[in-house]
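K.L.:
fold the following and give me the result.
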Amino acid sequence: MLKRTPKRHQILYQLVIILVIIAVVPLLISAYTLIRINQKVLENDLLLLHTQLATDTANQVSSFMTRIFEELEIIAKTQLLDVPLKIGERERLLLFFLDQYPSILRFSLMDTSGKEVESAYRADRISSALPEDASMKEALFRESLHGKRAVSSTFITASPKTPALLVYQPIKNDTGQTVGVLSALITLEDINDLISRIRIRRQGHAYLVNSQGKLIAHPNRFRVLQEEDMKDVEIVKNYLLLGRTGGTIPFRDKNEREMLGAYATIKNMGWGVVIQEAREDAYLSLFEMKRQTIIWGLVAAIVAASVGIGFARGLSNPIKKFAQGALSIAEGDFSGRIEVRARNEIGKLAETFNYMIQQLEIYDDNMRDMFLSTVRSLAAAIDAKDPYTRGHSERVTQYSLAIAEEMKLGPREKEKINIAALLHDVGKIGIDTQILRKPNKLSDEEYALVKQHPVLGANIVAPIKQLREIVPLMRHHHEFYDGTGFPDQINGDQIPLGARILCVADTFDAMTSDRPYQRSMEVDYVLERIKAWSGARFDPKVVTAFISCFKSGRIPRKNG
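P.N.:
Modelled structure (predicted):
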């Protein structure tokens with residue numbers, strides 16, 4: 001009996017399956033890995049962006065209100081009722097202050113019995129009438145008679161409609177006794193303009209709610225004038241419940257759209273700033289990346305299957321070469337190419353496979369560029385926290401890479417130095433802005449807090465798996481060669497080479513830049529100081545490379 005012969009074309013089906021796997025699996029692995037990397041970076045970026053924007057906006061609103069209160073205190077000191085003034089002088093004085101402070105719409109000067117002594121208002125912007133809630137005004141007046149400033153809830157004025165609030169400022173004599181009350185009607189239009197200017201990507205925006213959850217500032221002015229109640233929105237509910245600043249959280253708006261946002265409280269006002277954007281906008285790049293991955297995966301599968309048709313025998317060696325090439329791709333090496341000397345379909349398959357590798361290499365390069373762009377955006381956000389150091393991270397990166405090039409470091413080391421230089425001051429996110437911007441010498445306690453920023457930065461970056469190699473460079477960029485630096489007082493070769501390079505570059509930029517506590521120093525003087533610190537603060541080899549870069553122009557003069 002004859003043995004059953006195997007089916008014809010069986011090897012064809014095997015080859016098709018193998019080629020599909022070789023073409024698609026590396027693409028999916030690479031795409032999945034890059035998507036995960038980009039998602040983690042994007043999530044960190046969103047967290048920082050939303051929280052920082054909410055906090056910064058809250059600080060601006062708080063500063064605006066503090067400035068108004070300070071102005072009212074100054075005005076109240078000029079309105080002592082026991083000081084005799086000529087007829088009309090008190091009114092002219094109030095009108096003068098109205099001209100000086102556009103956010104104040106109306107003044108009313110009252111004695112301790114509540115009788116109005118004098119008043120002044122902007123006739124072109126509002127009627128003379130105050131809100132009709134007599135009980136509210138009476139409560140504010142009584143509270144101010146006890147020597148405390150009284151602030152009303154926000155409301156909408158009648159003519160014309162505008163968000164506003166009342167402030168009752170006690171007038172005290174030299175002995176501290178309350179002798180009258182100065183009331184002021186404050187418009188919140190400037191705050192509304194500030195909130196309306198905030199935009200995030202396509203549809204993201206900010207709004208402001210009071211302690212009852214009602215809108216008092218929003219890009220849609222109609223919603224403000226309607227005093228729209230936002231208590232049912234989850235993120236507003238969290239703010240009202242917790243009463244403190246919160247990080248980025250997912251929630252649904254009134255239209256049941258999925259959103260991402262953060263909120264921050266306004267100091268001493270009971271108001272809350274909310275930053276929000278649609279989740280689909282925030283993750284648009286990831287959605288598009290996944291869609292393109294599926295499309296190109298299908299294209300690669302179709303191409304690989306098509307190329308495999310017609311081949312049956314004598315393909316073991318080419319298949320091995322393809323398998324080896326696919327393995328290299330899976331390991332992240334896109335530099336290799338398949339060499340098959342054939343003018344038939346096998347040769348064409350080799351060309352197609354090489355083209356795919358090239359596209360993956362371009363794709364990988366694009367993802368790296370996207371990653372570095374995200375890091376640069378984060379560095380810019382850090383520098384923006386202190387206007388005196390704007391551009392500092394980019395300059396330190398430029399100087400550090402020039403030194404690394406002069407020292408002939410490899411591409412991998414230069415890449416780590418590039419990212420570490422951009423992020424070396426990320427820990428300053430955790431330092432109080434008032435300390436960073438303090439115009440004179442820091443106290444010992446403040447300086448101790450500032451010295452924590454390398455540790456804070458390293459802790460922020462440490463959870464990101466793809467950035468773990470740069471953590472030591474960030475942590476030790478203030479360590480000195482002789483062991484007198486911080487935070488760990490390590491010395492010599494115990495300090496990573498990249499951190500030693502960052503230390504010199506950071507010092508040069510700091511000394512040649514204007515800071516709140518010092519003017520920039522002459523470049524020649526700074527060069528002499530860096531030379532003098534060689535072997536003490538700095539690695540002599542790094543100093544030599546730095547001087548060489550400066551002389552050749554790769555590190556430019558900043559002044560002089």
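K.L.:
how many neighbours does the nearest residue to Ser152 once chain neighbours are set aside have?
P.N.:
Nearest residue to Ser152, sequence neighbours excluded (C-beta to C-beta, 6 or more residues apart in numbering): Leu166, at 4.1 Å. For the C-beta atoms, the positions are set from N, CA and C on the backbone; glycine is no exception. Leu166: 22 surrounding residues under other C-beta atoms under 10 Å.
K.L.:
identify the bridge partners of Leu166.
P.N.:
Leu185 (DSSP bridges).
K.L.:
residues in contact with it?
P.N.:
Contact analysis of Leu166 by C-beta atoms under 8 Å, 6 or more residues apart in numbering lists Leu130, Pro131, Met136, Lys137, Leu140, Val151, Ser152, Ser183, Ala184, Leu185, Ile186.
K.L.:
save those residues as TSV, and put in neighbour count too.
P.N.:
Listed next are the contacts of Leu166 as TSV, based on neighbours: other C-beta atoms under 10 Å:
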residue	neighbour count
Leu130	21
Pro131	16
Met136	16
Lys137	19
Leu140	20
Val151	20
Ser152	19
Ser183	23
Ala184	25
Leu185	22
Ile186	26
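K.L.:
restricted to helices, list those.
P.N.:
Per DSSP state H, helices hold the following members of these: Met136, Lys137, Leu140.
K.L.:
strands along the stretch 1-150 of the chain, start to end?
P.N.:
Applying DSSP state E, counting those that start in this stretch to the stretch 1-150 of the chain gives strands spanning 104-110, 116-121, 150-151.
K.L.:
and for Val471, the neighbour number?
P.N.:
Burial of Val471 is recorded as 20 neighbouring residues (other C-beta under 10 Å).
K.L.:
now it: how far from Asn459?
P.N.:
9 Å (C-beta to C-beta, to the nearest Å).
K.L.:
list the contacts for the nearest residue to Ala139 once chain neighbours are set aside?
P.N.:
Leaving aside its sequence neighbours, Ala139 sits nearest to Ala150 (C-beta to C-beta, 6+ apart; 7.7 Å). Ala150 is in contact with Ala139, Leu140, Phe141, Glu143, Ser144, Val167, Tyr168, counting by C-beta under 8 Å, 6+ apart.
K.L.:
list the contacts of the second one.
P.N.:
The reference is to Leu140. Ala150, Val151, Ser152, Leu166, Tyr168, Ser183.
K.L.:
same thing with the fourth one?
P.N.:
Residues in contact with Glu143, defined by C-beta under 8 Å, 6+ apart, are Ala150, Tyr168.
K.L.:
domains in this protein, as residue ranges please.
P.N.:
By the assignment in automatic domain parsing, the chain contains the domains 10-49+284-347, 78-186, 191-278, 385-552.
K.L.:
if we can go back for a sec, so the residue nearest to Ala139 bridges to which residues?
P.N.:
Tyr168.
K.L.:
neighbours of Asp488, how many?
P.N.:
Counted with other C-beta under 10 Å, Asp488 comes out at 15.
K.L.:
returning to that earlier point: the domains of the chain: lowest mean pLDDT?
P.N.:
Among the domains of the chain, domain 10-49+284-347 carries the lowest mean pLDDT, a mean of 65.
K.L.:
still on that earlier bit, using JSON lines, please lay out the domains of the chain together with distance to Ile68.
P.N.:
Listed next are these as JSON lines, based on distance: least, C-beta to C-beta, whole Å:
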{"stretch": "domain 10-49+284-347", "distance to Ile68": "29"}
{"stretch": "domain 78-186", "distance to Ile68": "6"}
{"stretch": "domain 191-278", "distance to Ile68": "10"}
{"stretch": "domain 385-552", "distance to Ile68": "20"}
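K.L.:
what's the most buried one of the strands of the stretch 1-150 of the chain?
P.N.:
strand 104-110 (a mean of 23; mean count of other C-beta atoms under 10 Å).
K.L.:
got the contact list for it?
P.N.:
The contact list for strand 104-110 (C-beta under 8 Å, 6+ apart) reads 68, 71, 75, 79, 81, 90, 94, 97-98, 116-122, 125-126, 128, 130, 141, 157, 164, 171, 180-187.
K.L.:
next one: stretch 193-200 to chain centre, how far?
P.N.:
How far stretch 193-200 lies from its chain's middle: 16 Å, per C-alpha atoms, centre = their mean, to the nearest Å.
K.L.:
can you show me the CA trace of it as CSV?
P.N.:
What follows is stretch 193-200 as a C-alpha-only set of coordinates in CSV (Å, rounded to 0.1, in the frame of the first residue of the first chain):
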residue,chain,number,x,y,z
ASP,A,193,-11.0,87.7,31.8
LEU,A,194,-8.1,85.8,33.4
ILE,A,195,-10.1,82.6,33.5
SER,A,196,-11.5,83.0,30.0
ARG,A,197,-8.0,83.3,28.5
ILE,A,198,-6.9,79.8,29.7
ARG,A,199,-7.1,77.3,26.9
ILE,A,200,-5.8,73.7,26.8
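K.L.:
list the buried residues in it.
P.N.:
Buried residues in stretch 193-200, defined by neighbour count with 16 or more other C-beta atoms under 10 Å: Leu194, Ile195, Ser196, Ile198, Ile200.
K.L.:
the last one contacts Leu49, doesn't it?
P.N.:
Yes - distance between Ile200 and Leu49: 7.5 Å, which falls inside the contact criterion (C-beta atoms under 8 Å).
K.L.:
who's Gln518 bridged to?
P.N.:
Judged by DSSP bridges, the bridge partners of Gln518 are Arg515.
K.L.:
run a quick neighbour tally on it.
P.N.:
The burial count for Gln518: 14, using other C-beta under 10 Å.
K.L.:
Glu413 now?
P.N.:
Using other C-beta under 10 Å, the number of residues around Glu413 comes to 17.
K.L.:
off-centre distance for whatever helix or strand it lives in?
P.N.:
Secondary structure assignment for Glu413, by DSSP states H and E: helix 411-423. Centroid separation for helix 411-423 versus its chain: 20 Å, with C-alpha atoms, centre = their mean.
K.L.:
cheers, nothing more for now.
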